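Enquirer: With the input below, show me the fold.
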Amino acid sequence: MEWLNYHHLLYFWMVVREGSVSKAAEALRLSQPTVSAQVRTLERALGASLFARKGRGQTLTDVGQLVYRYADQIFGLGRELLDAVQEGVTGRATPLIVGIGDAVPKLIAYRLLRPAMELPHAGRLVCREDNPAALIGQLATHALDVVIANAPAPSYLPVKVFNHLLGESEIAFFAPAAVASRLKRRFPKALDDAPMLLPTTDSPLRRELEGWFEAEGIATDARRITRTVDMRYAGQNYELPIPLPAGEIGRAALDALAEGFAAAHQRMYGFAPDDEPVQLVTYRIEAAGVVPKASFQPHKDAGPDASGAIMARREVWLPEAGGAVSCPIYNREQLQSGNCIAGPAIVEQMDATTVVLPGTVGRVDPYLNLILETL
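Expert: Residues are numbered from 1 along each chain as shown. Below is the predicted model of the structure:
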């Protein structure tokens with residue numbers, strides 16, 4: 001009877017978990033050649049390759065994925081055994097394996113699963129993230145116990161599943177305060193010229209948004225879509241945005257991403273290792289609407305008297321005036337076309353303060369711009 005060397009299996013499991021031989025060696029406090037040699041010994045014992053080169057990195061073969069799944073269960077059971085002995089817990093709870101759709105916000109997934117983690121003597125909770133179609137396929141083979149997704153299972157899938165509505169939410173748009181203040185005045189028409197991050201084209205939310213854009217008259221040919229992927233080497237804590245060509249994300253697109261990332265990393269940091277696996281961290285879509293140039297109408301001339309916009313008077317230190325002088329304080333929003341302000345004076349608004357120095361005149365033009373002129 002042949003026996004499996006579990007030390008070799010442990011080294012292989014750590015390499016996959018840590019993402020590279022170097023990270024696994026650091027975690028195990030061993031040298032990289034030692035870890036690599038043990039993994040090769042395991043491959044010879046199994047009679048199959050566990051890793052295959054892909055682009056500039058390595059990926060698991062089909063056999064490697066199978067071995068990793070078993071190793072994950074084996075060492076997971078080992079951890080549970082230690083916990084059971086140390087805590088005096090009898091019996092072993094069956095782990096709950098949950099598939100989470102990649103479009104489901106992680107905070108929502110956590111809140112849905114928190115009751116399961118708070119049960120007395122709760123077993124392990126294993127979460128796997130992927131696209132919903134792939135997760136439903138794993139559900140059909142009993143590799144998953146349940147799937148949390150942002151939409152019901154598609155009817156075209158040859159799998160019988162039961163859908164349960166857990167909740168609904170409205171669609172909201174978020175932007176920095178300054179951008180939101182500008183867009184809300186003509187919302188939703190203002191979205192025509194606003195860059196926007198949207199869900200991927202195959203998500204139900206994206207399809208809802210596309211329908212809403214159509215209903216609001218934001219033309220299809222006036223939209224511009226840019227796709228990027230934030231990428232990094234395994235173990236890095238920073239990413240580089242890499243352009244993603246239009247079309248289906250297949251092998252050719254992934255190879256193009258790997259080449260683009262290596263080139264960008266070389267330009268940015270001066271090196272690009274070809275033996276480290278590359279991670280795709282965040283997919284981004286930027287959408288912009290192209291609209292005709294805005295047409296501004298001039299305001300009617302209200303005359304030079306700007307006294308109606310004075311809010312108060314204040315002592316202001318001005319070296320140009322030789323010291324402190326009493327200055328009128330003008331409210332910028334109340335200034336009208338044609339108004340004139342003689343310095344010294346202060347013009348205040350929400351995001352700026354304008355100082356009109358002695359010997360300077362501020363004039364408000366027909367488009368409400370404040371133009372300063374030296375006398």
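Enquirer: okay, CA-based contacts and neighbour counts for the rest of this
Expert: Fine.
Enquirer: Centre of the chain to the helix or strand where residue 77 lies, how far?
Expert: Secondary structure assignment for residue 77, by DSSP states H and E: helix 62-87. Its chain's C-alpha centre lies 32 Å from the corresponding centre of helix 62-87 when counted by C-alpha atoms, centre = their mean, to the nearest Å.
Enquirer: Give the buried residues for that helix.
Expert: Across helix 62-87, burial judged by 16 or more other C-alpha atoms under 10 Å covers 64, 67, 68, 71, 72, 80, 81.
Enquirer: Send me stretch 35-43 as PDB with only the CA atoms.
Expert: The C-alpha coordinates for stretch 35-43 follow below in PDB (Å, rounded to 0.1, in the frame of the first residue of the first chain):
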ATOM      1  CA  VAL A  35       9.900  24.100  -0.900                       C
ATOM      2  CA  SER A  36      10.300  23.700  -4.700                       C
ATOM      3  CA  ALA A  37      12.000  20.400  -4.300                       C
ATOM      4  CA  GLN A  38       9.300  19.000  -2.000                       C
ATOM      5  CA  VAL A  39       6.600  20.100  -4.500                       C
ATOM      6  CA  ARG A  40       8.400  18.300  -7.300                       C
ATOM      7  CA  THR A  41       8.800  15.200  -5.100                       C
ATOM      8  CA  LEU A  42       5.000  15.300  -4.600                       C
ATOM      9  CA  GLU A  43       4.500  15.500  -8.400                       C
END
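Enquirer: Let's test this: mean pLDDT of it, rounded?
Expert: The average of the pLDDT scores along stretch 35-43 is 88.
Enquirer: related to what we said a few turns ago, now for the buried residues of helix 62-87: which two are most distant?
Expert: Greatest spatial distance among these (C-alpha to C-alpha): 64 and 81, at 25.3 Å.
Enquirer: beta partners of residue 286?
Expert: Residue 286 has the following beta-bridge partners by DSSP bridges: residue 197, residue 226.
Enquirer: That one contacts residue 226, doesn't it?
Expert: Yes: counting by C-alpha atoms under 8 Å, residue 286 does reach residue 226; the two are 5.0 Å apart.
Enquirer: so where do the strands sit in the stretch 1-150 of the chain?
Expert: Counting by DSSP state E, counting those that start in this stretch, the stretch 1-150 of the chain has strands at residues 51-54, 57-60, 96-101, 125-130, 146-148.
Enquirer: Take these and write them to JSON lines, including mean neighbour count.
Expert: What follows is the strands of the stretch 1-150 of the chain, written out as JSON lines (neighbours: other C-alpha atoms under 10 Å):
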{"stretch": "strand 51-54", "mean neighbour count": "14"}
{"stretch": "strand 57-60", "mean neighbour count": "18"}
{"stretch": "strand 96-101", "mean neighbour count": "21"}
{"stretch": "strand 125-130", "mean neighbour count": "14"}
{"stretch": "strand 146-148", "mean neighbour count": "21"}
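Enquirer: Serialize those strands to a markdown table and add fields for mean pLDDT and distance to residue 329.
Expert: Compiled in a markdown table, these are given as follows (pLDDT from 0 to 100; distance: least, C-alpha to C-alpha, whole Å):
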| stretch | mean pLDDT | distance to residue 329 |
| --- | --- | --- |
| strand 51-54 | 80 | 67 |
| strand 57-60 | 78 | 65 |
| strand 96-101 | 88 | 57 |
| strand 125-130 | 85 | 59 |
| strand 146-148 | 90 | 59 |
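Enquirer: any chance of these in CSV, with distance to residue 195 too?
Expert: Converted to CSV, those look like this (distance: least, C-alpha to C-alpha, whole Å):
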stretch, distance to residue 195
strand 51-54, 34
strand 57-60, 34
strand 96-101, 26
strand 125-130, 27
strand 146-148, 30
